[in-house]
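Student: I need the structure of the sequence given here:
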Amino acid sequence: MEERKERRKFVRFKAPFCIQYSNADSSREFSGVIKDISMGGTRVLLDTPLDVSPQSLASLAIFLPENTLKVSGEAVWARDFGEKKEIGVCFKNIPDAHKEDIYNHIFKYFREEITRKWWQK
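Tutor: Residues are numbered from 1 along each chain as shown. Model prediction:
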């Protein structure tokens, strides 16, 4: 069996963040949670079976205890997850300050994730 080549540039961390998601296909906002996140993108689980087109533009509000980060991205893939929708989003032009806020939040509240990834081969 052929080994699958990893295409990700950044390490993903399992750290739940609450979000609001909207895309170009809908004027509504949808609640959800981040399942994992990296400095390049995220996997979100929405509370609705929203129809999402690949390459559609997405806007996310990521709720941290200290502040709310507004980021934009592009839906790379989407699949049904029971009565919900799981979406892979690639960030577009995320400010370095937002990356730092995400990392600091993970370091503060999910330090074991960073430690586990650091020692992983």
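Student: what residues does stretch 76-95 touch?
Tutor: 21, 32, 35, 39-50, 52-55, 57-58, 60, 71-75 (CB atoms under 8 Å, 6 or more residues apart in numbering). Just so you know, the C-beta spots here come from the backbone N, C-alpha and C atoms, and that holds for glycine as well.
Student: if you set the cut-off to 6 Å instead, what comes out?
Tutor: Stretch 76-95 has contacts (CB atoms under 6 Å, 6 or more residues apart in numbering) with 40-46, 49-50, 52, 58, 71-75.
Student: How about stretch 18-35?
Tutor: 16-17, 42-48, 50, 56-63.
Student: hmm, try it at 7 Å
Tutor: 16-17, 42-48, 50, 52-53, 56-63, 75 (CB atoms under 7 Å, 6 or more residues apart in numbering).
Student: Now do stretch 20-38, average pLDDT.
Tutor: Stretch 20-38 shows a mean pLDDT of 90.
Student: centre of the chain versus that stretch, how much separation?
Tutor: The chain centroid and the centroid of stretch 20-38 are separated by 9 Å under CA atoms, centre = their mean, to the nearest Å.
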